[in-house]
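Q: quick one, what's the 3D model for this:
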Amino acid sequence: MAIVKEMQDALNKYGDAFNEAWAEFNKANEAHKQQRMTGRVLDEKRKERNAKLLELSRTANDAVTAALNKYVDALPGRYAKDPEKLDANALAMLTGAANGIIELTANDVESLFARFDGNLTMQGAISDFASKHDTGARITFYSEAVREADAMSYAAGCRGAISHDVENPNLPITFAYYCESNRAVPPSLQGE
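A: Coordinates of the predicted model:
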């Protein structure tokens, strides 16, 4: 999944086009100030810029929505219990620990969880075991619902970072926070 990259790419493409539209208009405005362009022509350039900025805003919003929908639509498949991803030995170990036959320390559970990085079926089973048996293991398993909610929240932030003001030549202050930084990315979407 590349939800974060896709959204950041959409924002970066938007930012480049936004700056380009303003640069074109500023060039025309300079020509007007130097009396090399009439006010009527400058007004036409302003209308062109405004139309371009509105279209850029719509296109960027659509790209963010497409990335969100693609990610959310794929989540159920990623979280579906897949028998082929089950590890019989690890499940036997968890069952033995649940029945008191063997003892698993917090480190054992953490190591087991890390061993199945990317295998949501096994990580889910290990997470369920850890929460039911209070092993003291410090593992973080993000559920499908958490990832979906965080993706929606992140997408809303990306949409909010898009300027809807055609008269302001500056992008919102949150723009760089969402397009250039991973600080805005929720922990559940890190690496997604």
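Q: which stretches of the chain have low pLDDT?
A: Applying pLDDT under 70 to the chain flags residues 1.
Q: report the buried residues of the helix or strand that contains residue 123.
A: Using DSSP states H and E, residue 123 maps to helix 120-132. Residues of helix 120-132 classed as buried: 120, 121, 122, 123, 124, 125, 126, 127, 129, 130 (neighbour count, 16 or more other C-beta atoms under 10 Å). To be clear about C-beta, it is placed using only N, CA and C from the backbone, and glycine gets the same treatment.
Q: now do stretch 168-185
A: Those would be 169, 171, 175, 178, 179, 184, 185, for stretch 168-185 by 16+ other C-beta under 10 Å.
Q: tell me the two of those that are most distant?
A: 169 and 185 (27.6 Å; C-beta to C-beta).
Q: how much space is there between the residue sitting furthest away from the middle of the chain and residue 91?
A: In the chain, the greatest distance from the average C-alpha position (C-alpha atoms, centre = their mean) is reached by residue 35, at 47.1 Å. Separation of residue 35 from residue 91 (C-beta to C-beta, to the nearest Å): 81 Å.
Q: name the element the closest residue to residue 64 other than its chain neighbours belongs to?
A: Distances taken as C-beta to C-beta, 6 or more residues apart in numbering put residue 158 closest to residue 64, at 4.8 Å, once the chain neighbours are dropped. In this assignment (DSSP H and E), residue 158 forms part of helix 144-160.
Q: so what touches that helix?
A: 3-4, 7, 10-11, 61, 64-65, 67-68, 71-72, 75-76, 78-79, 142, 172, 174, 178-179, 184-186, 188-189, 192 (C-beta atoms under 8 Å, 6 or more residues apart in numbering).
Q: just the buried members of the residues you listed?
A: Buried among the contacts of helix 144-160 (16+ other C-beta under 10 Å): 3-4, 7, 10-11, 61, 64, 67-68, 71-72, 75, 79, 142, 178-179, 184-186, 188-189, 192.
Q: now, which of those residues lie within helices?
A: 3-4, 7, 10-11, 61, 64, 67-68, 71-72, 75, 79, 178-179 (DSSP state H).
Q: widest-spaced pair of the residues you listed?
A: Checked with C-beta to C-beta, those reach their widest spread between 79 and 179, with 28.6 Å between them.
Q: how about the nearest residue to residue 22, chain neighbours excluded?
A: Nearest to residue 22 is residue 169, by C-beta to C-beta, 6+ apart, at 4.7 Å.
Q: for that neighbour, what are phi and psi?
A: Dihedral pair for residue 169: phi -80, psi 0, per degrees, to the nearest 10.
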